[in-house]
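J.: I'd like to go over a predicted model; first the sequence, then the structure.
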Amino acid sequence: MAHNAANLHFPVMADEVLNCLQPENGGLYVDGTLGLGGHSQAILEASAPSGRVIGFEWDHDAALLAADRLKNFADRITIIQASYADMVDELVKIGIEGIDGLLVDLGVSSLQLDQPERGFSFREDAPLDMRMNRDLQIDATVILARSSEEELADIFYHYGEERQARRIAAYICKVRKTSPVKTTKQLAHLVASAVPRRFHPEKIHVATRVFQALRIAVNRELDNLVRLLAEAPKLLRPEAVFCVITFHSLEDRIVKQAFRKDERLKVVRKKPVRAQDEEIAVNPRARSAKLRSAVRLEG
Ligand SMILES: C[S@@+](CC[C@H](N)C(=O)[O-])C[C@H]1O[C@@H](n2cnc3c(N)ncnc32)[C@H](O)[C@@H]1O
């Protein structure tokens, strides 16, 4: 299938996001993870005819595809190729100090997973890159080559919640003495060999958590999220909603605690919103999605 943003990515929980954000004609909304533009398109449609969206995207390829998908809204969308962690600085540069709603939909896009050369997936063999933004200096091969055994174990344990972290790190360090770990399949096989069969999970591949952990480390995903959560509330106008979609418990915990502690925000629902069964049936990725939101208070 040709790379075309609309057929590559289903926006997760699009109705639920609109329900939270309540986009209005004339409003100004920020999509911190534009991806292939699915959520932004929904927000632009819901805020027609004059609502505006500013979309941040770190991945150059995704930003180009999103720009193409959203060309009919060109007068109402601005795309900024930068990290959402730098959102406040980037918006101040273009004279924006107040917005009516903010969405971030974390994680990888299907474009990234479907491009084997990006190294996010082990479905096909490819270099272990995993950088969301190709200007980043350090990719996954560098982390695997240069980190100590203890550092690797910490990455797998903290970012992948992988219980076999020590065993996997020890095996990688043994193998890399003779052959550097450079490709996705190589790493997936290595993890499978390091973990005794009885500890292989039933529902996911044994290497899934290690891949997640490396991706988080390469892109410093948790640092970016923490910075966004600390800084973005100052952009929100009173009543504006901050929505975050997470895909694993680490991120969800960070969002939940940051929303709860932030005196500028009020959490409306304690429990996160989950995708409906009908959506999960057509988009299995939605199964692990959690949507949390908080409203900006006056003052
Ligand atoms: C799950 S996808 C978003 C999909 C999007 N909501 C849609 O409907 O098409 C997450 C996107 O966030 C981007 N991303 C990850 N970290 C980022 C960061 N720090 N700043 C900006 N974009 C980031 C990824 O490149 C990816 O395209």
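T.: Yep, it's here.
J.: hmm, residue 293 is touching residue 269, no?
T.: Yes - applying Cβ atoms under 8 Å, one finds residue 293 in contact with residue 269, separated by 7.4 Å. C-beta: built from backbone N, CA, C; applies to glycine.
J.: and the helices in the stretch 151-299 of the chain, which stretches?
T.: 165-176, 184-194, 208-219, 221-231, 249-261, 277-282 (DSSP state H, counting those that start in this stretch).
J.: pull out the buried positions in the fifth one.
T.: The one in question is helix 249-261. Residues 250-252, 254-256, 258-259 are the ones in helix 249-261 that count as buried (16 or more other Cβ atoms under 10 Å).
J.: equivalent analysis for stretch 136-150, please.
T.: Neighbour counts over stretch 136-150 (16+ other Cβ under 10 Å) mark 139-141, 143-144, 147 as buried.
J.: and residue 154, what does it touch?
T.: residue 165 (Cβ atoms under 8 Å, 6 or more residues apart in numbering).
J.: one more: the one 4 residues further on?
T.: Residues in contact with residue 158 (Cβ under 8 Å, 6+ apart) are 213, 250.
J.: could you rerun that using 10 Å?
T.: Contacts for residue 158 (Cβ atoms under 10 Å, 6 or more residues apart in numbering) come out as 165, 213, 216-217, 222, 250.
J.: would you list the strands that the top strand by length along the chain pairs with, along with their directions?
T.: In the chain, assigned by DSSP state E, the strand with the most residues is strand 236-246. Sheet pairing of strand 236-246 (DSSP bridges) gives strand 99-105 (parallel), strand 290-296 (antiparallel).
J.: count of neighbours near residue 23?
T.: When counting by other Cβ atoms under 10 Å, one arrives at 24 neighbours for residue 23.
J.: distance check, the closest residue to it other than its chain neighbours against the ligand.
T.: Counting by Cβ to Cβ, 6 or more residues apart in numbering, residue 47 is the residue found nearest to residue 23 once chain neighbours are left out, at 3.9 Å. For residue 47, the distance to the ligand equals 16 Å [Cβ to the nearest ligand atom, to the nearest Å].
J.: I'd say residue 47 and residue 77 touch.
T.: No - counting by Cβ atoms under 10 Å, residue 77 is not a contact partner of residue 47; they are 11.0 Å apart.
J.: show me whatever sits in contact with both of the two.
T.: With Cβ under 10 Å, 6+ apart, residue 47 and residue 77 have common neighbours residue 53.
J.: returning to what we had before: from the buried residues of stretch 136-150, which is closest to residue 197?
T.: residue 144 (23.5 Å; Cβ to Cβ).
J.: enumerate every residue touching that closest one.
T.: So, once contact is read as Cβ under 10 Å, 6+ apart, residue 144 ends up touching 128, 152, 155, 169, 172-173, 175-176, 180-182, 186-187, 190, 210, 214.
J.: swap in 7 Å and give it another go.
T.: Residues near residue 144 by Cβ atoms under 7 Å, 6 or more residues apart in numbering: 128, 172, 176, 181.
J.: just for the chain, where's the confidence low?
T.: Scanning the chain for pLDDT under 70 picks out 1-9.
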